[in-house]
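Colleague: would you be able to build a 3D model of this:
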Amino acid sequence: MLTAPQFSADGLVAVRSRIEAAARRAGRDPAGVALLAVSKQQPEAAIRVLAAAGQFAFGENYVQESLAKIDALRDLPLAWHFIGKLQANKTREVAEQFQWVHTVDRLRIAERLSGQRPRHAPPLEVLIQVKLADEASKGGVGPADLPALASAVMALPRLKLRGLMCMPPDSPTEDEQRRPFRRLRALLDGLNAAGHHLDTLSMGMSNDLEAAVLEGATLVRVGTAVFGPRHTAAG
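Modeller: Modelled structure (predicted):
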């Protein structure tokens with residue numbers, strides 16, 4: 001099992017360097033691209049090492065696994081993002097314990113999150129997941145249905161719609177990787193032209209973060225390149 005003495009922040013430093021290089025290549029300020037460290041199946045000790053190095057935003061895919069980590073790490077000023085497929089029977093825990101949800105793809109889930117968000121907490125920051133390819137294993141709303149869903153989510157009182165998220169298929173070249181990210185950026189621009197005020201594009205992971213940054217990502221979700229291979233989470 002991975003323990004604190006065996007884990008270092010070298011991966012974090014390397015990923016930050018990649019983000020900076022890609023941003024400069026795109027003529028962007030690197031400060032405009034945030035890193036979300038995907039900590040699913042990673043131990044609390046590793047998260048503590050990264051927090052000591054200044055990484056405070058973490059993404060989790062599985063509700064039950066994440067709740068134990070969130071509870072154990074309450075002494076740290078961490079922001080927790082839910083990035084997995086969200087089932088209706090798990091929305092209460094997510095609404096209560098997370099600050100962000102990246103995977104809203106239908107109104108029923110959004111309504112439950114809004115209704116279950118504690119009144120003492122700020123509105124839950126949410127992203128709509130858009131499905132840009134026909135992959136049965138991945139969620140997301142189709143581009144044609146996106147405007148209606150965005151308007152409905154914007155009307156919910158305990159949610160704050162911040163932008164869009166996608167998980168495109170793996171592609172072998174940077175040019176191919178950039179195409180779906182370019183499309184997501186165009187969809188965001190279309191929503192803003194229609195009167196929304198969205199500022200977040202959650203796109204890009206370990207293997208394609210450069211392509212995402214080149215196409216305007218404001219947040220990249222990186223697990224393996226930051227943590228190394230996954231391990232069973234401790235505690």
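Colleague: next up, the contacts around residue 184.
Modeller: Residues near residue 184 by C-beta atoms under 8 Å, 6 or more residues apart in numbering: 130, 132, 164, 166, 201, 203, 215. Just so you know, the C-beta spots here come from the backbone N, C-alpha and C atoms, and that holds for glycine as well.
Colleague: mind checking how far the first one is from residue 180?
Modeller: Read it as residue 130. Using C-beta to C-beta, to the nearest Å, residue 130 is found at 9 Å from residue 180.
Colleague: neighbour count for those two, which is higher?
Modeller: A count of neighbours by other C-beta atoms under 10 Å puts residue 130 above the other of residue 130 and residue 180, at 25 against 22.
Colleague: tell me the pLDDT of that one.
Modeller: Among the per-residue scores, residue 130 shows a pLDDT of 98.
Colleague: then the helix or strand that contains residue 186 to CSV, C-alphas only?
Modeller: Element membership of residue 186 [criterion: DSSP states H and E] is helix 174-193. Only the C-alpha atoms of helix 174-193 are listed here, as CSV (Å, rounded to 0.1, in the frame of the first residue of the first chain):
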residue,chain,number,x,y,z
GLU,A,174,-3.0,16.1,-30.7
ASP,A,175,-5.0,17.3,-33.7
GLU,A,176,-7.7,14.6,-33.1
GLN,A,177,-7.7,15.3,-29.4
ARG,A,178,-8.3,19.0,-30.0
ARG,A,179,-11.5,18.5,-32.1
PRO,A,180,-14.0,17.6,-29.3
PHE,A,181,-12.5,20.2,-27.0
ARG,A,182,-12.9,22.8,-29.7
ARG,A,183,-16.5,21.7,-30.0
LEU,A,184,-17.2,22.0,-26.3
ARG,A,185,-15.7,25.5,-26.3
ALA,A,186,-18.0,26.4,-29.2
LEU,A,187,-21.0,25.1,-27.2
LEU,A,188,-20.0,27.2,-24.2
ASP,A,189,-19.6,30.2,-26.4
GLY,A,190,-23.1,29.6,-27.8
LEU,A,191,-24.7,29.4,-24.4
ASN,A,192,-23.0,32.7,-23.4
ALA,A,193,-24.1,34.3,-26.6
